[in-house]
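# take this sequence and fold it.
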Amino acid sequence: MKQDHQQFKNVPLNDLPAPLPVGERVIWQGKPSFKGLALRSFHIREVAIYFGILLAWRLWSNWSHGMQASDAVISALWLIAPALSAIVVLAGLAWLFRRAACYTLTSKRVLFQFGVALPMTMNIPLSKITNAALKIHRDGSGDIPLGVSDGKRVSYLLLWPHIRPWRLRVPEPMLCALPDAAIVAAKLSDALGGQPAPTAVALSASANRNLVSDVAANSPSTAAA
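As a prediction, this is how the structure comes out:
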């Protein structure tokens, strides 16, 4: 690993679960963004909207029942505390999950390091990746779900939130909320054999662009770090 890291001595790298074999090198390493996790995995925006609607409904209900304006406002403000508590808890969870996560792309595989209470590592050989797609969000961050030829061995619950949403039958590990998703997609494409980079597509449109197909190698594996 020392030999490989020397190639990237100006780039800070997180510790890998084990030294890389001779000939394998680190191409990219990064984390999901806090904002992306908070908004799309922990749905802070939707929670804030939900409490906003409750607050408006409480104000209207109090006013329509003839309550004085000052009393109506005080009654509605009791919703502020649970709203702020929920948002703070969700933001804290997003921060913890981001802190525990690390994605590493090497010349041979993609490694997912995750787990707040129990650090885990999922190792996906590049030869096991059957397709990949890229979705760019409005804030510029993006997701890269990875289809694997043995997806049934991927645990949806264990890997969440680093998993493509609602793909329960055949889970797809996902590099989520990447600040530089387009650059990572290009590096992944190069690592997968110089295939064209995945383009920005709506994941729900089933327009994933295959990068590598008909490949077989080692199965993806998950282990405690």
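
# just the pLDDT at I124, thanks.
pLDDT recorded at I124 is 91.

# my guess is it contacts T106, does it?
No - applying C-beta atoms under 8 Å as the test, I124 and T106 come out as separate, 10.6 Å apart. To be clear about C-beta, it is placed using only N, CA and C from the backbone, and glycine gets the same treatment.

# for the nearest residue to N131 once chain neighbours are set aside, what are its contacts?
Nearest residue to N131 in three dimensions, chain neighbours excluded: G147, at 4.0 Å (C-beta to C-beta, 6 or more residues apart in numbering). Contacts for G147 (C-beta atoms under 8 Å, 6 or more residues apart in numbering) come out as I129, T130, N131, A132, V170, E172, N208.

# try 6 Å
T130, N131, E172 (C-beta atoms under 6 Å, 6 or more residues apart in numbering).

# which of those tops the neighbour count?
Neighbour counts for the contacts of G147 peak at E172, which has 24 neighbours (criterion: other C-beta atoms under 10 Å).

# distance of that one from L93?
Noted for E172: a distance of 22 Å to L93, by C-beta to C-beta, to the nearest Å.

# just name the closest of the contacts of G147 to Q29, please.
Nearest to Q29 among the contacts of G147: E172, at 20.8 Å, using C-beta to C-beta.

# thought that closest one was touching P145?
Yes - between E172 and P145 there is a contact at 4.4 Å, judged by C-beta atoms under 6 Å.

# can you pull the residues that touch both of those two?
Counting by C-beta under 6 Å, 6+ apart, the contacts common to E172 and P145 are R164.

# burial count for R153?
Neighbours of R153 (other C-beta under 10 Å): 12.

# pLDDT wise, what is it at?
73.

# so which of the contacts of G147 sit within strands?
Those of the contacts of G147 mapping onto strands are T130, N131, per DSSP state E.

# okay, the contacts of G147 in TSV with distance to V26 and pLDDT next?
What follows is the contacts of G147, written out as TSV (distance: C-beta to C-beta, whole Å; pLDDT from 0 to 100):
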residue	distance to V26	pLDDT
T130	23	89
N131	23	88
E172	23	92
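
# what is the nearest of the contacts of G147 to A100?
Out of the contacts of G147, the member with the shortest distance to A100 (by C-beta to C-beta) is E172, at 20.4 Å.
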